[in-house]
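>>> quick one: sequence and predicted model below, then my questions.
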Amino acid sequence: MVNLIRENVANILVIVASSDGMLGAAAYTRQEVGNSAQIRYIFTEAHRVNEINVGSWPKNSKVGFIDLAVNNANRFMTIKLINKIKKLGHEILFVADEHDKDEWENVFKVCEIDLNKLTITPENRNEFGSSCEILKRKFGDTIDEHTKELLDAGHQADQLNFETKFGEYFNQCTKANPRDDSRKDYLVRHFSVHDAPDETILAWKKEYLPIQLKTWEILETYQEYSEEICIFDCSRGLCDVSDLFSKAYKIKPVVVLYGLGKHNQGVSIGTYREDVNILQILTEANFCVSGMPKKANFTINNYGDLGYAIQAVQFKLNQE
Ligand SMILES: [Mn+2]
């Protein structure tokens with residue numbers, strides 16, 4: 001299988017299952033590979049790359065990462081993945097990720113891989129804004145209109161705007177069933193070729209309606225904590241977290257969601273303020289967090305911990 005594809009083209013794409021990641025994968029496939037049958041898509045998240053079965057990949061695979069950040073709660077997990085890929089004889093071709101360039105540089109240094117030899121290297125969010133933007137600048141003006149629309153939709157989705165031609169399908173179809181990777185696979189393959197959805201995709205999109213309603217219901221649980229912070233109870237059921245954030249940011253600059261996840265113990269605190277580093281504040285307050293400077297995720301055992309986390313953020317805001 002590997003021999004059939006062009007040199008310097010990935011046959012394994014490790015993708016974070018965000019719209020930025022999936023749309024980037026569809027665009028990469030269209031632009032660089034042509035035929036999605038030659039690619040295997042692995043959907044993951046930074047904090048569960050240890051679940052990837054590298055041993056099942058075709059021999060001498062060429063690997064690309066899209067939208068995958070270093071697991072900053074457990075960097076060793078990312079290092080182990082890279083080392084395993086290397087040890088099994090595969091080659092990492094590129095890392096298209098805008099989360100944190102320095103984190104990636106450190107990981108590749110530890111793994112003794114020259115980052116500068118990659119065809120696409122990690123960048124920083126303030127300069128690029130999304131993985132799709134990294135790909136777009138890499139491809140330059142060689143892309144066709146369809147690829148451009150895929151990349152623009154991915155970039156917009158990363159800024160929480162899903163209301164683009166492709167963005168809506170990727171966001172709604174996957175949010176309706178977040179655990180179903182075959183659905184993500186289908187969407188990436190389909191839209192790498194087709195401009196319009198098929199019957200299957202339209203049916204998935206319909207499943208999103210109750211989630212949309214739940215998101216609105218959770219918006220009603222709004223509690224004002226302070227002038228800057230508001231809180232929402234997400235234990236009421238599956239909602240669209242990114243849509244909730246984007247709507248809540250219209251009310252307050254710092255948004256706290258609790259009751260997330262299977263056991264309702266998940267908390268996500270986000271902000272649109274450039275000068276507030278939630279990840280750092282909570283790390284310094286001894287929470288075991290993952291995420292990005294502007295959005296941190298963690299789990300709590302009791303509401304006292306939730307209160308303490310919010311206080312830590314408020315304390316920092318008061319110092320500004
Ligand atoms: Mn992204």
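Nice, thanks for sending it over.

>>> residue of the chain closest to the ion, please.
Asp20 (3.6 Å; CB to the ion). The C-beta positions use only the backbone N, C-alpha and C, and glycine is treated the same way.

>>> show me the contacts for that residue.
Contacts here follow CB atoms under 8 Å, 6 or more residues apart in numbering; on that basis Asp20 touches 66-67, 130-132, 154-155, 157-158.

>>> mind doing that once more with 10 Å?
Neighbouring residues of Asp20 by CB atoms under 10 Å, 6 or more residues apart in numbering: 66-67, 96-98, 129-135, 151, 153-159, 167, 170.

>>> just the ones in strands from those residues, please.
With strands identified by DSSP state E, the entries of these that belong to them are 66, 96.

>>> gap between the two ends of stretch 256-271?
For stretch 256-271, the separation between the terminal residues is 9 Å (CA to CA, to the nearest Å).

>>> nope, stretch 46-64 is what I meant
Between the opening and closing residues of stretch 46-64 there is a gap of 15 Å (CA to CA).

>>> residues of the stretch 101-250 of the chain that sit close to the ion?
Within the stretch 101-250 of the chain, the positions adjacent to the ion are 130-131, 158 by CB under 5 Å from the ion.

>>> follow-up on the earlier one: chain neighbours aside, what residue packs nearest to the residue of the chain closest to the ion?
The shortest distance from Asp20 to any non-neighbouring residue, by CB to CB, 6 or more residues apart in numbering, is to Asp158 (4.2 Å).

>>> was I right about the one you found contacting Met22?
No: with contacts counted by CB atoms under 10 Å, Asp158 stays clear of Met22, the gap being 11.3 Å.

>>> give me the common contacts of those two.
Counting by CB under 10 Å, 6+ apart, the common neighbours of Asp158 and Met22 are 67, 132.

>>> for those two, indicate the residue with more neighbours.
The residue with more neighbours, out of Asp158 and Met22, is Met22; 33 against 25, by other CB atoms under 10 Å.

>>> what sits against the more buried one?
Contacts for Met22 (CB under 10 Å, 6+ apart) come out as 13, 15-16, 41, 43, 66-67, 132, 150, 153-154, 157, 166, 169-171, 173-174, 184-185, 187-188, 191.

>>> measure Gln38 to Glu32 for me?
To Glu32, Gln38 is 10 Å away according to CB to CB, to the nearest Å.

>>> these two: which has the busier surroundings?
Remark: of Gln38 and Glu32, Glu32 carries more neighbours, 21 against 16, as counted by other CB under 10 Å.

>>> excluding chain neighbours, what is closest to the more buried one?
Of all residues not flanking Glu32 in the chain, Val9 sits nearest, at 5.2 Å (CB to CB, 6+ apart).

>>> is that neighbour located within a helix, as I assumed?
No: secondary structure of Val9 (DSSP: H, G, I helix; E, B strand; the rest coil): coil, not part of a helix.

>>> mind listing the helices for the stretch 151-300 of the chain?
Using DSSP state H, counting those that start in this stretch, the helices found in the stretch 151-300 of the chain span residues 167-175, 181-193, 199-206, 209-219, 241-248, 278-284.

>>> now do the last one: distance to the chain's middle.
Just to be clear, that refers to helix 278-284. What separates the centre of helix 278-284 from the centre of its chain is 20 Å, taken as CA atoms, centre = their mean, to the nearest Å.

>>> next: the third one.
The chain centre lies 23 Å from the centre of helix 199-206; the measure is CA atoms, centre = their mean.

>>> repeat for the first one
Distance of helix 167-175 from its chain centroid, counting by CA atoms, centre = their mean, is 13 Å.

>>> try the fourth one
Computed by CA atoms, centre = their mean, the chain-centroid distance of helix 209-219 equals 22 Å.

>>> keeping just the C-alphas, turn it into CSV.
The C-alpha atoms that make up helix 209-219 are tabulated as CSV, following Å, rounded to 0.1, in the frame of the first residue of the first chain:
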residue,chain,number,x,y,z
LEU,A,209,-31.2,19.1,16.7
PRO,A,210,-31.8,17.7,20.3
ILE,A,211,-28.2,18.7,21.1
GLN,A,212,-28.9,22.2,19.9
LEU,A,213,-32.0,22.3,22.1
LYS,A,214,-29.9,21.0,25.1
THR,A,215,-27.3,23.7,24.5
TRP,A,216,-30.1,26.4,24.7
GLU,A,217,-31.5,24.7,27.9
ILE,A,218,-28.0,24.8,29.5
LEU,A,219,-27.6,28.5,28.5
